[in-house]
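Asks: how would this look folded up:
(one chain, ligands or ions: 1)
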Amino acid sequence: MDLELTEEQRMIRDTARDFAVKEVEPKAAEIDKNGRWPSELVKRLGELGFMGVAIPDEWGGAGMDNVSYALAMEEICRACASTGVIMSVNNSLYCDPVYKFGTPAQKDRWLRPYASGEKLGCFGLTEPMSGSDAQTMATFAERKGDKWLINGSKNWITNGPHADTIIVFAISEKSTVGKAKHTAFLIDKDTPGYSREKPDEKMGIHGAHSCTVFFENIELSDEHRLGNVGEGFKVAMATLDGGRIGIAAQALGIARAAFEKAVEYSKDRKSFGVPLANHQAIAFMLADMATEIDAARLLIWRAASMKDKGVRHTQESAIAKLFASEMATRVAHKAIQIFGGYGYSKEFPLERHYRDARITEIYEGTSEIQRIVIAANALK
Ligand code: CAA
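Replies: Residues are numbered from 1 along each chain as shown. Sure, this is the predicted structure:
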């Protein structure tokens, strides 16, 4: 097994690192403090090819692979987790399913400008009364002649306030005995009947705006349908198999940010006459953090390379996301401990990393959902 990155992968990682260090990191604290949508960074992500990393160039993307996508996510999230998740939603949750399930005409309209960063996409699965149990959604798509009539709402839609198009999952066939059937649709923001709430107020990732989106008697033709009628839930699940790699890489980037700061601080700051790092209690914390970060990275690379090979990677993505997200919270927690009072202060970035890490255990499937997926596969 070869764990060496290719020249192209190293190039993407280095480009992402350079951009993240020079242009993203200096703004991260201000973006967090003001809850500011980083429009200038979103534009730069597009210019650099980071809004459609693994989408072929004929469809507006960078034509790289999913390992490259994970590498870029790690670097950008190390600098700013808000900017990173905006990128992740556009790549994994919007462009990937349009590429995989869209017709050539749909890709022309709904993929090319999004993968190139000209337009922005988002993904509507979660509803006020349906999160982890995603099949129980209430949004309904009624067949009316040769049209569809969509009614319902979606919430916590990351990128929602700024997105040009949303992929919406709706029940298209109710069932009194078995499970309902779902269908996916592409809905543009200027469609009559489409409206959005103001951005949500959250604990972290303040710059990555999310909101509730409403659909009131939205009339769509079949050209808006993504994938086959009744197969929308599979579109959603297959999409999340890829999305979970992106969120795992986000968690990894956040963990690295906290770890690197903890290393520097423990070398500089003295207690009892020696640098903090000379105390075994601190050195062992750093050792555990380094070990967990490495383990997460290898799990992410495994899942990403399986996606690149076209192999089903539901289990590997869930394992990577579960481990990386819980690891990021543990690492950020330890980093705050090493910083002591300064870690708890808003003057330093540690508390931001801690708040940002926490969401990675929740969105794109909570840790409990990842455990359900992993256990179901293990028990097969
Ligand atoms: N790929 C393809 N098909 C899949 C699949 C996958 N990974 N997983 C399941 N399916 C198929 C199954 O084969 C099954 O097909 P059949 O009906 O033909 O047998 C169908 O989908 C239903 O599968 P299950 O019976 O396993 O479904 P379930 O109702 O038990 O739920 C679940 C499974 C894993 C719990 C799922 O509901 C789930 O993942 N929940 C979490 C939802 C989630 O992650 N939401 C995130 C929202 S997006 C977000 O968070 C974005 C953001 O803010 C950044």
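Asks: got the residues of this protein near the ligand?
Replies: 85, 89, 93, 123, 125-126, 132-135, 156, 158, 233-234, 237-238, 240-241, 314, 363-365, 369, 372-373 (C-beta under 6 Å from any ligand atom). Where you see a C-beta, it was placed from the backbone N, CA and C, and this is true even at glycine.
Asks: Let's see that with 8 Å instead.
Replies: Residues of the chain that fall close to the ligand, judged by C-beta under 8 Å from any ligand atom: 85, 88-89, 93, 123, 125-126, 131-135, 156-158, 179, 208, 210, 233-234, 236-238, 240-241, 243-244, 247, 312, 314, 362-366, 369, 372-373, 376.
Asks: and residue 179, that one's in a strand?
Replies: No. Under DSSP: H, G, I helix; E, B strand; the rest coil, residue 179 sits outside any strand and is assigned coil.
Asks: dump the residue contacts of it.
Replies: Going by C-beta atoms under 8 Å, 6 or more residues apart in numbering, residue 179 touches residue 135.
Asks: so residue 369, which of the three states?
Replies: Recorded secondary structure, residue 369: helix (three-state DSSP).
Asks: Around it, how many other residues sit close by?
Replies: When neighbours are defined as other C-beta atoms under 10 Å, residue 369 has 20 of them.
Asks: Once you drop chain neighbours, what's closest to it?
Replies: Distances taken as C-beta to C-beta, 6 or more residues apart in numbering place residue 132 nearest to residue 369, at 5.2 Å, with adjacent residues excluded.
Asks: ok so, going back, quick one, which of the residues of the chain next to the ligand are buried?
Replies: Neighbour-count burial (16 or more other C-beta atoms under 10 Å) is assigned, among the residues of the chain next to the ligand, to 85, 88-89, 93, 123, 125-126, 131, 134, 156-158, 208, 210, 233, 236, 238, 240-241, 243-244, 247, 314, 362-366, 369, 373.
Asks: I figured residue 360 hits residue 327, correct?
Replies: No. Residue 360 lies out of contact with residue 327 (C-beta atoms under 8 Å); the separation is 9.4 Å.
Asks: So if I had to pick from those two, which one is more boxed in?
Replies: Using other C-beta under 10 Å, the more surrounded residue of residue 360 and residue 327 is residue 360, with 31 against 26.
Asks: tell me the contacts of that one?
Replies: 247, 248, 250, 251, 254, 321, 324, 325, 328, 329.
Asks: What helix or strand is the first one located in?
Replies: Okay, so that is residue 247. Per DSSP states H and E: residue 247 is located in helix 232-268.
Asks: Only the buried residues of that helix, if you could.
Replies: For helix 232-268, burial by neighbour count (16+ other C-beta under 10 Å) applies to 232-233, 235-236, 238-259, 261-263, 265-266.
Asks: what number of residues lie near the nearest residue to residue 191 once chain neighbours are set aside?
Replies: Nearest non-adjacent residue to residue 191, counting by C-beta to C-beta, 6+ apart: residue 218, 5.7 Å away. Close neighbours of residue 218, defined as other C-beta under 10 Å, add up to 22.
Asks: Tell me what residue 218 is bridged to.
Replies: residue 150 (DSSP bridges).
Asks: coming back round to it: state the pLDDT value of the residue nearest to residue 369.
Replies: Looking at residue 132, its pLDDT reads 97.
Asks: Let me know whether it touches residue 364 as I believe.
Replies: No. Contact status for residue 132 versus residue 364: not in contact, 11.2 Å apart, counting by C-beta under 8 Å.
Asks: Which element, helix or strand, includes residue 183?
Replies: Secondary structure (DSSP H and E) places residue 183 in strand 181-188.
Asks: what does that strand rub up against?
Replies: Contacts of strand 181-188 (C-beta under 8 Å, 6+ apart): 97-98, 101, 106, 110, 135, 137, 141, 148, 150, 164-173, 175, 194, 215, 218, 220, 224-233, 235-236.
Asks: orientation of that strand relative to helix 232-268 in degrees?
Replies: 70 degrees (axes from the mean of the first three to the mean of the last three C-alpha atoms, to 10 degrees).
Asks: Strands of the stretch 101-250 of the chain, start to end?
Replies: Here the stretch 101-250 of the chain has its strands, by DSSP state E, counting those that start in this stretch, at 121-124, 140-144, 147-158, 165-173, 181-188, 194-196, 210-221, 225-226.
Asks: would TSV of the ones you listed with mean pLDDT be doable?
Replies: Formatted as TSV, the strands of the stretch 101-250 of the chain follow (pLDDT from 0 to 100):
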stretch	mean pLDDT
strand 121-124	98
strand 140-144	97
strand 147-158	98
strand 165-173	98
strand 181-188	98
strand 194-196	98
strand 210-221	98
strand 225-226	98
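Asks: Could you single out the most deeply buried of those?
Replies: Greatest average neighbour count among these goes to strand 121-124 (a mean of 27), per mean count of other C-beta atoms under 10 Å.
Asks: And for it, what's in contact with it?
Replies: Strand 121-124 is touched from outside by 89-90, 93-95, 97-98, 110, 114, 139, 154, 157-160, 163-169, 213, 239, 243, with contacts defined as C-beta under 8 Å, 6+ apart.
Asks: Adjacent strands (with direction) for it?
Replies: Short version: by DSSP bridges, strand 121-124 pairs with strand 165-173 (parallel).
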